[in-house]
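Visitor: take this sequence and fold it.
(chains A and B)
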Amino acid sequence: MILQGKRSWVFPKPPVIIATGTVAGPEEGEGPLASEFDLVHPDLEMGQPTWEKAERLMLEQATDIALQHAGLKKEQLSFYIGGDLMNQIISNTFAARTLGTPFLGVFGACSTSMESLAIASLIVGAGAGNYAMAGTSSHNCTVEKQFRYPTEYGSQKPPTAQFTVTGAGASIVAKEGKGPVVTAATIGKVMDLGIKDPFNMGAAMTPAAVDTIQGHLQDTGREPGYYDLIVTGDLASVGHPLANEMLRRNGVQMEQTKFLDCALMIFDVEKQKVQAGASGCACSAIVTYGHLLKRIQKGELRRILVVATGALHSPLTYQQGESIPCIAHAVAIESPNPAH
Amino acid sequence: MAVKGAGSGAGAYKPVSMSSKEYQAFAKARGPVRSVWTNCLKAFLVGGVICTIGEGVQKFFMAAFHMSSRDAGNPTVAIMILFSVILTSMGVYDKIAQWAGAGTAVPVTGFANSMASAAIEHKSEGLVLGVGANMFKLAGSVIVFGVVAAFVVGIIYWIFGIGAWHDTTG
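Guide: Residues are numbered from 1 along each chain as shown, chains lettered A, B, ... in the order given. Now for the predicted structure:
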């Protein structure tokens, strides 16, 4: 039985992340994790006529790189699971057209990275596929255009705003092989505590992250100290301290572990003009696939819990005065060799 | 699976039970404070600089082409719009605006920026459904409410017999 507790999957034979591919944009290429990504684009256009095509290109490159690293042909993939922030998840559907692999489109806003990885792991863990690929992407300009204002419009962003990461990440999960393993995943509930400001998504997403972390620990019987690192997706400098405080208030002993946030790792928040930090599907995807998995492979980390957070509003719901429903999905990734 | 840290303590957590009201107060109390005074000062400085440049351009038209200040107004606005559109297409205007706030939004340059940026952004969807349909996406409401406000003010002038229109003949 893979289901444990109410909403967690614990894999008796943990699926292996055999390869990843990460692509980043120019601002990310200036950040502290620049050297961790497989490919960094020097500009936002990437030689494409539209922002949307640029985002799609990055996703195609990330899936290509992951396949190369795995030494696989795309025909060998059983399934591709992916999503992004665009309406009708066009970056993924169009990239899946290029890939030609059986495709499951998912939408979890910025939680898509771990949503797709959880599903890919479940498929492989349950024996429903040999190789499953998970992927996601975001582009600063496609998101600005769809959710906010034209990219060149001069509007002042408040300090709670976050800067969408330009990038794409893909991972290939297999029954066996070399690489970090997925031991568990916890599926989030949609949480909404009434935050309406789309320029304060960190605070909006915090309750979802707290709920999923607690749900994960409860279902699996693990304590925070089981993990060397618990990392949220994109709560940024506004949401992350709130999550920390709420968890401690609820009796979760966060001092047993290190608690970080991808949005505060990918950029130098002090130097780069990103307001509260990063956001976007690619944020947790490329930090996890590019940086954290490498640290596991190097033996610097043994067990991590990645809690990707997503804000599920649209420009329409915001203009109609609705609050922002949010979700968080957690995936536990561990070193294949517990002796480390 | 016997692993360190697994077991015992978990299961005793309080659920996320804050009400919306409580949470919003909790988040607000810990959120960053936006300094209204600093923002006002920056807006005043940048807005002032833009208007001073405009004043300079107007003076230039008056001196070079012997225009009255009223006649010099239209070409001055055109030049300021041109400046704004150039800065917008170079990708600079939005960066200044992040610092300046209302300082770059309120003058005519801000209006030009809202139209130029929308036109550039939606060029990919074609001239008619892209540029044409979206150019006034942001500026449209300025025009609508500007016209409505002008109408209301005009009515007030008309009712109270304040002879504002006499100026236009001069």
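Visitor: and the closest residue to chain A within chain B, which of the three is it?
Guide: The nearest approach of chain B to chain A comes at B:Ala97, 2.8 Å away (CB to the nearest CB). All C-beta spots, glycine's among them, are computed from the backbone N, C-alpha and C. Here B:Ala97 is recorded as helix under DSSP: H, G, I helix; E, B strand; the rest coil.
Visitor: how about it: what's its closest non-neighbour residue?
Guide: Nearest in space to B:Ala97, with sequence neighbours left out and distances taken as CB to CB, 6 or more residues apart in numbering or on different chains, is A:Gly154 at 2.8 Å.
Visitor: and for A:Val143?
Guide: Leaving aside its sequence neighbours, A:Val143 sits nearest to A:Thr164 (CB to CB, 6+ apart; 4.3 Å).
Visitor: from what I can see A:Gly299 touches A:Ser335, true?
Guide: Yes - under the criterion of CB atoms under 8 Å, A:Gly299 makes contact with A:Ser335 at 7.0 Å.
Visitor: helix or strand for A:Ala185, which one?
Guide: Secondary structure assignment for A:Ala185, by DSSP states H and E: strand A:181-186.
Visitor: which residues touch that strand?
Guide: By CB atoms under 8 Å, 6 or more residues apart in numbering or on different chains, the residues outside strand A:181-186 that reach it are A:4, A:7-11, A:14-17, A:114, A:117-118, A:121-122, A:125, A:173, A:212, A:215-216, A:219-220, A:303, A:329-336.
Visitor: so what's A:Ala204 up against?
Guide: A:192-193, A:195, A:197, A:239, A:311, A:323-324, A:326.
Visitor: how about 6 Å then?
Guide: A:195, A:311, A:324, A:326 (CB atoms under 6 Å, 6 or more residues apart in numbering or on different chains).
Visitor: CA atoms only: put the strand holding A:Ala185 into PDB for me.
Guide: Output in PDB follows, covering the C-alpha atoms of strand A:181-186 (Å, rounded to 0.1, in the frame of the first residue of the first chain):
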ATOM      1  CA  VAL A 181      15.300   8.600  -4.400                       C
ATOM      2  CA  VAL A 182      11.700   9.800  -3.800                       C
ATOM      3  CA  THR A 183      10.600   8.200  -0.500                       C
ATOM      4  CA  ALA A 184       7.300  10.000   0.000                       C
ATOM      5  CA  ALA A 185       5.000  12.700  -1.300                       C
ATOM      6  CA  THR A 186       2.200  14.600   0.300                       C
END
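Visitor: who wins for most neighbours among the contacts of A:Ala204?
Guide: Neighbour counts for the contacts of A:Ala204, by other CB atoms under 10 Å in any protein chain shown, peak at A:Cys326, which reaches 30 neighbours.
Visitor: wait, isn't that one in contact with A:Met205?
Guide: Yes - under the criterion of CB atoms under 6 Å, A:Cys326 makes contact with A:Met205 at 4.3 Å.
Visitor: need the residues touching each of those two.
Guide: The contact sets of A:Cys326 and A:Met205 overlap at A:Ala311 (CB under 6 Å, 6+ apart).
Visitor: and the residue nearest to A:Val143, what are its phi and psi?
Guide: When read as degrees, to the nearest 10, the backbone of A:Thr164 gives phi -70, psi 130.
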